[in-house]
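>>> Just to be clear, the model below is a prediction. Sequence and coordinates:
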Amino acid sequence: MRWWADVRLRHYVIRRLLLIIPVLIGVSMMTFTLSHVIGDPVAAYITSQEVRLSEEQLRKIVVAHHLNEPLYVQYFYYISDLLRGDWGISRTDSDRPVTESIQHYFPATAELSMVSMIFALALGIPIGIISAVRKDKPADHVTRVFSLVGVSMPVFWLALLLQYAFYYQLKIHNLPSLPSGGRVDQFVWLDHPLKVITGLYTVDSLITGNFAVFFDVLAHLILPGFALSYVFMAVFVRMMRSSMLEVMRQDYITLARSKGLSERVVIYRHALRNAMIPTVTVAGLAFGGLLAGAVLTETVFSWPGIGRWSTSAIVRDDIASIMGFMLIIAVVYMLANLIVDLLYAWIDPRIRLG
Amino acid sequence: MKTYFYTYAGVVRALEGIDLDIYKGETVGLVGETGCGKSVTSLSIMRLVPDPPGRIVGGEIVFKGEDLLKKSEEEMQRIRGSQITMVFQDPMTFINPVLTVGDQVSEVITLHQDLAREAVQTKMDEIQEKVAQIDPSSPDRQRLMERVKELETTRDNPPKPSKGEIKKAAMHRTIDMLKLVQLPNPEEVVRQYPHELSGGMRQRVIIAMALSCSPDLLIADEPTTSLDVTIQAQILALLSELKKKIGASVLIITHDMGIVAETCDRVGVMYAGNIVEVSETKALFKKPLHPYTQGLLRAIPKLHEDVKNLEIIPGSVPNLIYPPPGCRFHPRCPFRMEICDKEFPPLLEVDPGHSVACYLYPEKKR
Amino acid sequence: MEELAASKRGTWWQERAPQIREFKFTLYLLRQSPLVVVGFALIGLFIGVALFAPWIAPHGPEERFWQLPQQPPSWEFLFGTDTTGGDIFSRVIWAARLDLAIALTVVMSAIIIGSVLGSVSGFLGRAFDEILMRITDVFLAFPALILAMAVAAALGRNLTNLTIALIVVWWPTYARLIRGQVLAEKEKLYVDAARAVGAGPRRIIFRHVLPNSIFPIIVQATLDLGGVILTAAGLSFIGFGAGAGVAEWGLMIADGRSYLFQSPWIATFPGLAILFSSLGLNLVGDGLRDVLDPRLRR
């Protein structure tokens, strides 16, 4: 039965989607609570210009946003505001509505995260397999150390090291260096203005045939992308290795070998699919780490993404921005885990029953 | 044949000299307690012993005139699955849960068989089916009939089939095999996953996999141990029937003397890594020679007798890292003699077709 | 009387004999892997440095040599000096103390809170359990750093609040762990047997659940210690937790960032310290996990 026609799979998907709702509610409760603890709730609705307000103006704001009413009433208004798209004003970002700020900064983070993730997966999975298949041989030891260092290293420190080595060192030796920050070089941008469609500069520049920008953006993606993906890749390699080892010990592998299948087929056809199951789960969790790492990496590389926006917001006690950030991160993370669960059901037919 | 396992605790001398012959078309049983090395024997024959920590350290395995121990891994891969195949103990853990039944059976077929003729046949069948559904007067019918005739001529010298054709042909054969092992609704089963089937059905699938290429030797390692008694009988009957149809030899490994009595032509008795007695089944039951065999048979409670106590063999199976010197059974043997702990007794033919490894029986024939 | 006391002592050891053997076997297995041994060495170094900081560090954490800012590593200042003339070597040592203290506090508090909530939840079941599970879901819906950021922002930016924020982030994992253990044990037959004899839930928890959960908790805790150190450093780097001038690894790296190109040593050494401490913890955590896996204990 083709998996998408499998009724049980559809039920599983629906059930999974429904489970998100209570969590979303909980998340909104948490952001609501936090926003009332950080400073004065009124501040969320005061733009950076209106620093000195009279009693009268303050009172007006309080009434307008129901800030003097009981908490559960306020929560109700909070939720309805959220759903309507009013997430407050971002003081940090020139008083734009928070939703606009998110729309503006999110693509940068998304691009960085996706590039890192793709890179990490593309390298991590094969390395993990090799490490498992050549257990205890030199290749295995090297990969284990490599991945252990990866999960033990602070990502922002790695970012700094990379900056130092590949920007500064190359530059002072008059070698072509990688950029130290930002998404794209100002001059290239001015000479070859990019028509922004999706907000993902790589995609947009490819679609519009703007190769100057494309290569420049790629160059800017290398260092932060690598820093971010190294940690992620390390998690993958470890997981892949351990689940491959686990799977290779299973009885059905012996049966597969007894059929006369070559070791290669046994590994890639029989073992791999089973080993992917726990790995996929870990990928979802690790993605959260990727988002967190993005915050740190964006700071180091002056990457104009939501991570950097949020850190500046926190320094300024810009509640609306902080909460907006939290919400969007929670939503993205949940979506990622949902995708992971769906993949999980696709790979493992036994899940569709439960 | 000798197989040792090199573990951190010491060298486990799992098989210390197995001497067994299996002739064409017969069913040979290999009996012994758990831990005596039966499974290791079957894995050793197929050279599937996991290399760290195990290794076949001596002896030879002669199959169809050639020593398997001298063959390369590629040559072994060609033999496995097609000439020597295995059926395993626990259909739960021995089948891959993420692949469909059809995929798992057809992969053996695709691997070892030349499906060119089958592909042509399948195409012909397909067209025949379509023809049967078309209105007789339509011109298409004529065309299709000609196509069938065309294909018929290529049947004996078939062209190399495409990947898609191979797949279809293999699936065709798979369904045939599933019918052969008496699975109901094979067309549906083919698309199902192992966890959707019962234990007995899964075992049948494994048997289908093992027999799909008409092997010369089928090794069945405790094939019914994890199944219900009623299913057990069915599976055993199935195996006998299919074995006759295909003309294979079967090596059944079991700890159940009942199965031996029912299915085997000849039997080998194993103890702690050695074969201690080999004979025709009837002769073994009538006149067990080795003290261990006698103990085994005595331990089976007989329904027609009034037995007060269940008989046991005193002592326990030896540690194979530090096995007892000489005959490994001697610490538990009621007929122990001086010579028994000096050297392992050779397997000698005492009666026609009946050999035993025990100092109680000097060699009668030469 | 004396004989009684002596015989009692004897039986305590005898009673525990199988567990002692298991423990010795565990140590033996751990000794086998060179990586694990290295991990233990690193942890030992970390703890040692943290404990003996006052005696090892040549200078105090607040000491400044204002006239010698941004000096490269030399015999006098092994790791060089930072922008305010602080000896980086000493400060790295002092920071070990701080970060270890934070990590231990966070993990132990998380274990206690998580265990209590988790076991209660596992036992009471139904409504309470569902609610607790949804609550942990909400907490786990955020990546660690980000949730900690928000909580730390809400409470105010100092070290105590940083610790609290991290505890808030980490307790759900242990709650789930213990709850899982309790549920698994509940299903086991010997609990029914104990119940039949009249044992109450508290006894069951202490005599059955806890002993079986110790190992997974230890593994998780070891790995989490490393995680907490990394997260705390990350938060300090962004600007939470440690106030300016405090010797904390993440903060020191942030300080070093402004002068990264001129004085790279300021940021490098604290980072290495984090790397090695975390590495040691991960090595040991991994080793423990492998060793305690019942299937691998052959």
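Cool, got the structure.
>>> Longest helix of chain A, counting residues only.
helix A:211-248 (DSSP state H).
>>> Identify each buried residue in the helix or strand residue A:326 falls within, please.
Residue A:326 belongs to helix A:319-347 when assigned by DSSP states H and E. By 16 or more other Cβ atoms under 10 Å in any protein chain shown, the buried positions in helix A:319-347 come out as A:319-330, A:332-334, A:336-338, A:340-345, A:347. Using the backbone N, CA and C atoms, a C-beta is placed for each residue, glycine as well.
>>> What is that helix packed up against?
helix A:7-37, strand A:89-90, helix A:98-133, helix A:272-300, helix A:306-315, helix C:144-155 (3 or more Cβ pairs under 8 Å, 6 or more residues apart in numbering or on different chains; DSSP states H and E).
>>> switch the cut-off to 6 Å
When contacts are defined as 3 or more Cβ pairs under 6 Å, 6 or more residues apart in numbering or on different chains; DSSP states H and E, helix A:319-347 packs onto helix A:7-37, helix A:98-133, helix A:272-300, helix A:306-315.
>>> Would you map the strands across the stretch 151-300 of chain B?
Ranges of strands within the stretch 151-300 of chain B are B:217-221, B:249-254, B:266-271, B:274-280, based on DSSP state E, counting those that start in this stretch.
>>> Of these, give the one that comes closest to chain C.
Closest to chain C of these is strand B:217-221 (Cβ to the nearest Cβ; 20.8 Å).
>>> Run the chain-centre distance for the helix holding residue A:326.
Remark: helix A:319-347 is offset 9 Å from the chain centroid, using Cα atoms, centre = their mean, to the nearest Å.
>>> right, and the strands of the stretch 151-300 of chain B - which one's nearest residue C:66?
Minimum separation from residue C:66 across those (Cβ to Cβ) falls at strand B:217-221, 80.0 Å.
>>> any idea which residue sits dead centre in the chain?
All of this is about chain A. residue A:291 (3.5 Å; Cα atoms, centre = their mean).
>>> sorry, should have said chain C
Nearest residue to the geometric centre of chain C (Cα atoms, centre = their mean): residue C:225, 2.3 Å.
>>> Does anything pack onto the host helix or strand of that residue? Which helices or strands?
For residue C:225, the host element (DSSP H and E) is helix C:210-238. On a contact count with 3+ Cβ pairs under 6 Å, 6+ apart, helix C:210-238 meets helix C:88-124, helix C:144-155, helix C:249-258, helix C:265-292.
>>> Let's have the ones you listed in TSV, adding mean neighbour count and distance to chain B.
Output for the helices and strands packed on helix C:210-238, formatted as TSV (neighbours: other Cβ atoms under 10 Å in any protein chain shown; distance: least, Cβ to the nearest Cβ, whole Å):
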stretch	mean neighbour count	distance to chain B
helix C:88-124	22	28
helix C:144-155	25	32
helix C:249-258	24	40
helix C:265-292	23	13
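>>> mind checking which of the ones you listed is nearest residue A:238?
Comparing these against residue A:238 with Cβ to Cβ, the closest turns out to be helix C:265-292 (8.1 Å).
>>> Can the closest one be said to contact chain A?
Yes. Helix C:265-292 is in contact with chain A by Cβ under 6 Å from any Cβ of the partner chain, via C:267, C:271, C:274-275, C:278-279, C:282.
>>> now the residues you listed as TSV including distance to residue A:306?
Formatted as TSV, these follow (distance: Cβ to Cβ, whole Å):
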residue	distance to residue A:306
C:267	25
C:271	25
C:274	25
C:275	28
C:278	27
C:279	31
C:282	29
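>>> contacting residues for residue A:158?
residue A:227 (Cβ atoms under 6 Å, 6 or more residues apart in numbering or on different chains).
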